[in-house]
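Enquirer: Next come a sequence and a model predicted from it.
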Amino acid sequence: MKIKKIIFFILILHFIGCGTRNSVKHLPDIKQYSLEVPKVQKINDSTFSFNRNYLTKNKQQLWELYIKGNPLQLGYSNGALTQNLMQRQEEIFFSKVENFVPSKFKQNLLRGFLKWYNRKMYLNVRNDFQAELYGLSQYSSDKYDFIAPKFRRAMYLHGAHDIGHAMQDLAMVGCSSLAVWGDKSEDGDLLIGRNFDFYVGDDFAKNKLVEFVEPEEGIPYMSVSWPGMIGVVSGMNKEGISVTINAGKSKIPLTAKTPISFVTREILQFAKTIDEAIAIAKKRKVFVSESILVGSANDKKAVTIEVSPDNFGVCEVENSNTLVCTNHFQSAAYKNDKRNQKQIAESHSEYRYEKLQEFLQENQKLNPEKIAKILRDKSGLKGEKIGYGNEKALNQLLAHHAVIFSPEKRLVWVSSNPYQLGEFVCYDLNEIFFDKRLKNGKFAKSELNIAKDPFVDSHEYKNYEEFKTLSNQFDGKKLLSDESINHYQSLNPDFWFVYYQAGKYYYDQKNYSKAKSEFEKALTKEITTIPDKKNVEKYLSKTLRKLN
């Protein structure tokens, strides 16, 4: 059954009463938690404080947040300090939804679907996380209360990645990560690097947030995400446990369960070893397929925990001190999984996996600077030019962030804009958490920063930014000259997509001879996925029939 039919069937159930009967009016139990409502002091335009909680913006334009307390206090402190940023993220996110679904009728259907689909999510989320989310949600915008009440809306947003991933039955992001230790790293210590290729537009990625959280119970930790997020997509705790997530091929569940970012948050807050991380992940019911790469200072190695709605596996390398993770599963538990096999065969996951292996063979002893280099690599296998923005590249020029972890040293490097090209800012968790103070009023250990990628100042980068802007002109609403199309293609000449776009334009204009030429050019380039290639071939076949 096609996905649209499944969603339509669910919506019918909702509107004939199922959704109403299961309507969620739940609020978390917060009576057990003491609370001091924050009174934020504005120190300057980019620095705010409340007791020993801080929000500041560094010179690399990363926002840095430090909060401590019980779950409810964490939420309130977070919300009060980041209120303007969080409301801006909400506005960006929901405006994107409106662009994708412009029809008011369909927006109402979508709200009804979300209400029905998320009706049991709270049953799968820890009450302390719910209490924190409740506190945070008190500072969200009134503007979107028509979508859902604040607490429920905050819960929806934490499941947005999972819901979109599940409903589309594909990986929404093309994240890549690698870990090395022992004889594969320069000093023998564990090193981990990752790109988080989650893209909701350039505006969404502008306000990156590096959080340092000291909970009343559990282990202090840091994470990298965006304002309004208490789950974890990339992070490390005081004990040297690091987590990153990579989406896999997923089935479509009939109800939302535990958002994956809450699973990884729980690992960071309560795990000191890989075994403890595995135990936490195993007991949580998720509703998407995801690889969680876990690094451990205590174990001096990394593994991937592979979770899905109906399976669980752990990939642990033998006779090798390297681990590579893209967007397919590698453990024995998924060896015969048809969705995973299809993901390997048809997506760009295997290509990026091979690119990482190629890099590891060429660079025997890695350090943070070398890992930053591979995370920024824009080429294909064997250095082939495959076009800027090609999802087969490790650096797809859309990453929300990149992170490098040194768990044994408790060091973290976080990329700054644009993408992962800006300076990597270094943070020392020994100083931030162990000393119980901010060093000279600053979070970063700047002397260990990794310099920005020179590409960001190049002519090619300026061309890529113009290419992104001009890609929007192929919307079928205006006529384009041959000169403007040629200019567009000259901005990113190695990328198959520029010829595909031109081919579709000429096809719609019934200029089939030019359409044929453009589709044939596209097929000479490195096309991102098998479905994309088949789509180009389909258009070429239709064009040839028109010419005959």
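Expert: Happy to help now that I have it.

Enquirer: Show me the helices in the stretch 351-500 of the chain, by range?
Expert: 368-375, 429, 459-470, 482-490, 496-508 (DSSP state H, counting those that start in this stretch).

Enquirer: no wait, the stretch 51-200 of the chain
Expert: 71-100, 104-117, 127-137, 150-158, 160-168.

Enquirer: tilt between the third one and helix 71-100?
Expert: This points to helix 127-137. Counting by axes from the mean of the first three to the mean of the last three C-alpha atoms, to 10 degrees, helix 127-137 lies at 60 degrees to helix 71-100.

Enquirer: Could I get the buried residue list for helix 127-137?
Expert: 128-137 (16 or more other C-beta atoms under 10 Å). All C-beta atoms are positioned from the backbone trio N, CA, C, and that covers glycine.

Enquirer: so how many other residues sit close to the nearest residue to A522 once chain neighbours are set aside?
Expert: Of all residues not flanking A522 in the chain, Y499 sits nearest, at 3.9 Å (C-beta to C-beta, 6 or more residues apart in numbering). Look at Y499: counted by other C-beta atoms under 10 Å, it has 22 neighbours.

Enquirer: Then F287?
Expert: Neighbours around F287, by other C-beta under 10 Å: 26.

Enquirer: now do A345
Expert: 12.

Enquirer: Quickly note the distance from it to L394.
Expert: Per C-beta to C-beta, to the nearest Å, A345 is found 20 Å from L394.

Enquirer: ok so, going back, okay, the residue nearest to A522: pLDDT?
Expert: Y499 is assigned a predicted lDDT (pLDDT) of 98.

Enquirer: What sits closest to K282 if chain neighbours are left out?
Expert: F312 (6.0 Å).

Enquirer: Show the contacting residues for the one you found.
Expert: With contact set as C-beta atoms under 8 Å, 6 or more residues apart in numbering, F312 has these partners: 281-282, 305-306, 333.

Enquirer: In strands, which of these fall?
Expert: 305-306 (DSSP state E).

Enquirer: what's the closest of the contacts of F312 to V425?
Expert: I305 (27.9 Å; C-beta to C-beta).

Enquirer: ok, the closest one - how many residues close by?
Expert: 26.

Enquirer: could you list every residue that touches it?
Expert: Counting by C-beta under 8 Å, 6+ apart, I305 has contacts 277-278, 281, 291-292, 294, 312-314.

Enquirer: The helices of the stretch 51-200 of the chain into JSON lines, with extra columns for distance to E266?
Expert: Formatted as JSON lines, those follow (distance: least, C-beta to C-beta, whole Å):
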{"stretch": "helix 71-100", "distance to E266": "12"}
{"stretch": "helix 104-117", "distance to E266": "22"}
{"stretch": "helix 127-137", "distance to E266": "8"}
{"stretch": "helix 150-158", "distance to E266": "13"}
{"stretch": "helix 160-168", "distance to E266": "15"}
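
Enquirer: and of these, who's closest to K338?
Expert: Taking the helices of the stretch 51-200 of the chain one by one with C-beta to C-beta, helix 160-168 is closest: 16.8 Å.

Enquirer: Let's test this: mean pLDDT of stretch 193-208, rounded?
Expert: Rounded mean pLDDT across stretch 193-208 is 86.

Enquirer: Quote the end-to-end distance of that stretch.
Expert: 18 Å (C-alpha to C-alpha, to the nearest Å).

Enquirer: What residues are bridge-paired with G313?
Expert: E306 (DSSP bridges).

Enquirer: Quick check: which element contains T244?
Expert: strand 241-247 (DSSP states H and E).

Enquirer: So which elements touch that strand?
Expert: With contacts taken as 3 or more C-beta pairs under 8 Å, 6 or more residues apart in numbering; DSSP states H and E, strand 241-247 sits against strand 176-180, strand 191-196, strand 234-237, helix 260-270, strand 290-296.
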